[in-house]
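1. here is a sequence together with a model predicted from it:
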Amino acid sequence: MTRKVDGLYLCEECHLLYKEEHWAQKCEEWCRERRSCNLEITKHAVNKSELTL
């Protein structure tokens, strides 16, 4: 189950952040089942430059 962190959704498997929950869920499912990341999914992750420190 995805978790919301600072307004973004976290993939609990690879720890990428997404603006939209469905992408975080797809990422988490893929990571858990295949022990890898999918470029078609991860391209929707938030870029580090978009995060405010």
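-> Looks like it arrived, so ask away.
2. next structured bit after the strand or helix carrying residue 30?
-> Per DSSP states H and E: residue 30 is located in helix 21-34. Next along the chain after helix 21-34, taking DSSP H and E as the criterion, comes helix 39-42.
3. now find how far off-centre that next one is within its chain.
-> 9 Å (Cα atoms, centre = their mean, to the nearest Å).
4. pull the CA atoms of it into CSV?
-> What follows is helix 39-42, C-alpha atoms only, in CSV (Å, rounded to 0.1, in the frame of the first residue of the first chain):
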residue,chain,number,x,y,z
LEU,A,39,11.3,2.9,-17.0
GLU,A,40,7.8,3.5,-18.4
ILE,A,41,6.6,3.9,-14.8
THR,A,42,9.5,5.6,-13.2
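5. and it, which residues are buried?
-> Going by neighbour count (16 or more other Cβ atoms under 10 Å), the buried part of helix 39-42 is 41, 42. Yep, even glycine has a C-beta here, placed from its N, CA and C like the rest.
6. identify the residues contacting that helix?
-> With contacts defined as Cβ atoms under 8 Å, 6 or more residues apart in numbering, helix 39-42 is touched by 16, 23, 26, 27, 30.
7. against residue 43, how distant is the last one?
-> Counting by Cβ to Cβ, to the nearest Å, the gap from residue 30 to residue 43 is 13 Å.
8. looking at this protein, which helix or strand is least sure?
-> strand 3-5 (a mean of 89; mean pLDDT, DSSP states H and E).
9. pull up the pairing partners for that one, direction included.
-> strand 8-10 (antiparallel) (DSSP bridges).
10. next SSE after the partner strand?
-> With DSSP H and E, the next secondary element past strand 8-10 is strand 17-18.
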